[in-house]
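Engineer: with the input below, show me the fold.
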Amino acid sequence: MYRSAEPSIRRVETAYLAGLLDLHHKTLSEMNHEGLLPYSIRHSSVLLARDPHPYRSSLPQRLHKVEAGGVLAVDLHPVRHEGSSIEGVDRIYSSSENGVIWGHTYLSSALVYPGQDAYPLQLAPFMTEAMATETYPRLMAGEALLNIVGDTLEAGYQPRAVVFDAQFSTRFALRSLRFMGIPFVGRCRTNLWVVYRKERVKVKELARRFPPGRARYYRRFGVYAKRVRVFLEEVGRVSLVLIWKGKGSGWECLALVSSVTEGVQGVLEIWGLRWKLESSHRLYKQAFGLGKCLCRRFAAHLKHADLVLEAFHEVRRERLRSPCLTWRRAQEMVAERWKSAVLTGVPALAA
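Structural biologist: Got it, this is the predicted structure:
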């Protein structure tokens, strides 16, 4: 059964990927209407949902092809998805929409490099408490972060560092990363208590001691920054990088907790690379149709998300070959190749 079904799965995945590369990111019904889909919509949906954890099997394959020295960026990615019959949909908070929406939340991860597009690794499920199941358990943000870091190390890839936002910066996660020997840069909340020179103080109060002018200005990043060594309970000795960035006519404070041995500019560079992951989230939705899947099974949505990353990688490779190409033009070129390959039955699609 497994071997006989494998060619069918590959044909559906190939057709589906061609639809995602299309600038209109076609749905199953549209693919079927245009002759891209080799089977009925119902059967294709069943094949898409065949593997409940597609993000796990694709991770080692992607890490096998990637260059060394990448920074592992991790973030939560909420996706609006309404439908009473779609599994896993719940009320979630979206910072981009500044409110609560109905949809799925994914744990998004990518390797990021200076001067390159993000290299996506996973869109893994991040379930709410109400929608968690035995197959897809509820995880805290720190646990989810450690999962992707552990899976990356198990696949044989050693990142330069891990970078993440404040919801991941729990004491448990930071202590575990230190134990694993993985350098990290994460934003921390300014109401966090730390010990600085034997004095217990909140981060925001410590930052006021090093305002712009006393903190050094880094022209490359356009911010004032000061690094201090502090003791964080249950974690140990870490660095705090206190950052002042312009906001209106004043200054806004941002605090990073770090264990990297590089200088302040190295920490600021790693933190800045995280933006590449956030930029890719916009492309997932607007260019590749993340959130457009109408299948009922949650496993099919995970497969859809994984194929969105494959489509992203196809266009990314085209941009690496021709750096002058815009995302839109590169996507048009790749989409035409894949669509022609599907309709003519050429097996070597990537050739």
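
Engineer: hmm, Val12 is touching Leu48, no?
Structural biologist: Yes: here Val12 reaches Leu48: they are 6.6 Å apart, a contact under C-beta atoms under 8 Å. (C-beta placed from N, C-alpha, C; glycine too.)

Engineer: partner strands of the stretch of helix or strand Leu111 belongs to, with direction?
Structural biologist: Using DSSP states H and E, Leu111 falls within strand 99-112. Using DSSP bridges, strand 99-112 pairs in its sheet with strand 71-80 (antiparallel), strand 90-94 (antiparallel), strand 119-125 (antiparallel).

Engineer: can you lay out these as TSV showing distance to Lys339?
Structural biologist: TSV is the format used below for those (distance: least, C-beta to C-beta, whole Å):
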stretch	distance to Lys339
strand 71-80	25
strand 90-94	32
strand 119-125	22
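
Engineer: can you give me the strands in this protein?
Structural biologist: Ranges of strands within the chain are 71-80, 90-94, 99-112, 119-125, 161-164, 184-188, 193-196, 199-202, 216-218, 223-232, 236-247, 250-258, based on DSSP state E.

Engineer: partner strands of the last one and their direction?
Structural biologist: Same thing as strand 250-258. Strand 250-258 has its sheet partners listed here by DSSP bridges as strand 184-188 (antiparallel), strand 236-247 (antiparallel).

Engineer: for that strand, buried residues please.
Structural biologist: Using 16 or more other C-beta atoms under 10 Å as the test for burial, strand 250-258 gives Cys253, Leu254, Ala255, Leu256, Val257, Ser258.

Engineer: specify which member of those is nearest to Glu82.
Structural biologist: The shortest approach to Glu82 among those belongs to Leu254, at 34.2 Å (C-beta to C-beta).

Engineer: quick check: beta-bridge partners of the most centrally placed residue in the chain?
Structural biologist: For the chain, the residue nearest the mean C-alpha position is Ser108 (2.5 Å; C-alpha atoms, centre = their mean). Using DSSP bridges, the beta-bridge partners of Ser108 come out as Asp75, Leu123.

Engineer: need the contact list for it.
Structural biologist: Residues counted as contacts of Ser108 (C-beta atoms under 8 Å, 6 or more residues apart in numbering) are Val74, Asp75, Leu76, His77, Pro120, Gln122, Leu123, Leu277, His281.

Engineer: between those residues, which is nearest Ser96?
Structural biologist: His281 (8.1 Å).

Engineer: tell me where the model's unsure across the stretch 1-150 of the chain.
Structural biologist: 1-5 (pLDDT under 70).

Engineer: all helices of the stretch 1-150 of the chain, in order?
Structural biologist: Secondary structure of the stretch 1-150 of the chain (DSSP state H, counting those that start in this stretch): helices at 2-21, 28-33, 41-48, 54-65, 141-154.

Engineer: got those as CSV, with distance to Ala311 and mean neighbour count columns?
Structural biologist: Putting the helices of the stretch 1-150 of the chain into CSV (distance: least, C-beta to C-beta, whole Å; neighbours: other C-beta atoms under 10 Å) gives the following:
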stretch, distance to Ala311, mean neighbour count
helix 2-21, 4, 18
helix 28-33, 13, 17
helix 41-48, 15, 18
helix 54-65, 13, 16
helix 141-154, 21, 19
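
Engineer: I'd like those helices laid out as CSV, including distance to Glu318.
Structural biologist: Below are the helices of the stretch 1-150 of the chain laid out as CSV (distance: least, C-beta to C-beta, whole Å):
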stretch, distance to Glu318
helix 2-21, 10
helix 28-33, 22
helix 41-48, 25
helix 54-65, 15
helix 141-154, 25
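
Engineer: out of these, nearest to Ile101?
Structural biologist: Among the helices of the stretch 1-150 of the chain, helix 141-154 comes nearest to Ile101, with 18.5 Å by C-beta to C-beta.

Engineer: helices or strands up against that closest one?
Structural biologist: helix 54-65, strand 71-80, strand 99-112, strand 119-125, strand 161-164, helix 171-180 (3 or more C-beta pairs under 8 Å, 6 or more residues apart in numbering; DSSP states H and E).

Engineer: which one of these lies nearest to Phe288?
Structural biologist: The nearest among these, by C-beta to C-beta, is strand 119-125 at 10.5 Å.

Engineer: ok, residues contacting that closest one?
Structural biologist: Contacts for strand 119-125 (C-beta under 8 Å, 6+ apart): 55, 58-59, 62-63, 66, 70, 72, 77, 88, 104, 106-113, 136, 144, 147-148, 152, 280, 284, 290, 298, 302, 305-306, 308-309, 312-313, 316.

Engineer: buried subset of those residues?
Structural biologist: Applying 16+ other C-beta under 10 Å to the contacts of strand 119-125 flags 55, 58-59, 62-63, 70, 72, 77, 88, 104, 106-113, 136, 144, 147-148, 152, 280, 284, 290, 298, 302, 305-306, 308-309, 312-313, 316 as buried.
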